[in-house]
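**Q** Give me a 3D structure for the following:
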Amino acid sequence: MLIADDLDKLLEILPNFVRIPLQNHPKKSELIEVVMDLGRRPEARFPSNPEYISNQTIDWLDLDYCIKRVGNFSGDNRAGIERTLHRISSVRNREGNIIGLTCRVGRAIFGTIVRT
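**A** Predicted coordinates for the structure are as follows:
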């Protein structure tokens, strides 16, 4: 079975203080999603448990950094990274400003179909 996740392409859109700990994380291959909410510490979610990956909190510039690398969000507040299965969901405040991002890892799993 082969798993393709293009994880590096997802990590490229993240600010350095979020990206670097994830690149070096021992459970990097199990990463499900990264949550970045304004005023909170970034969180990495794994099947076993979530973990804060930095003591630095997310600010407007961090969110803007990611948004500029993802592109436009659709009417359902979602975007993707071109040529990957990754999905980026945004949370907006009442004024329509993005105040949080959830970056979900998309994985293609090859060799799981049983032929009869």
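
**Q** I'd like the distance between L14 and P26.
**A** Distance of L14 to P26, computed by C-beta to C-beta, to the nearest Å: 18 Å. Just so you know, the C-beta spots here come from the backbone N, C-alpha and C atoms, and that holds for glycine as well.

**Q** Which residue of the two possesses the greater neighbour count?
**A** Neighbour comparison, L14 and P26: the larger count goes to L14, with 23 against 6 (by other C-beta atoms under 10 Å).

**Q** which residues touch the more buried one?
**A** 22, 34, 36, 66, 103 (C-beta atoms under 8 Å, 6 or more residues apart in numbering).

**Q** So what are the sheet partners of the one helix or strand the third one maps to and their directions?
**A** By that I understand M36. Take DSSP states H and E as the rule and M36 turns out to sit in strand 33-37. Paired strands of strand 33-37, with direction, are strand 43-45 (antiparallel), strand 98-104 (antiparallel) (DSSP bridges).

**Q** and of these, who's closest to L7?
**A** Among those, strand 98-104 comes nearest to L7, with 10.7 Å by C-beta to C-beta.

**Q** Select, from the contacts of L14, the two members most distant in space.
**A** Maximum pairwise distance in these, criterion C-beta to C-beta, is 13.4 Å, between L22 and C66.

**Q** where's the strand holding M36 relative to the chain centroid, distance-wise?
**A** 6 Å (C-alpha atoms, centre = their mean, to the nearest Å).
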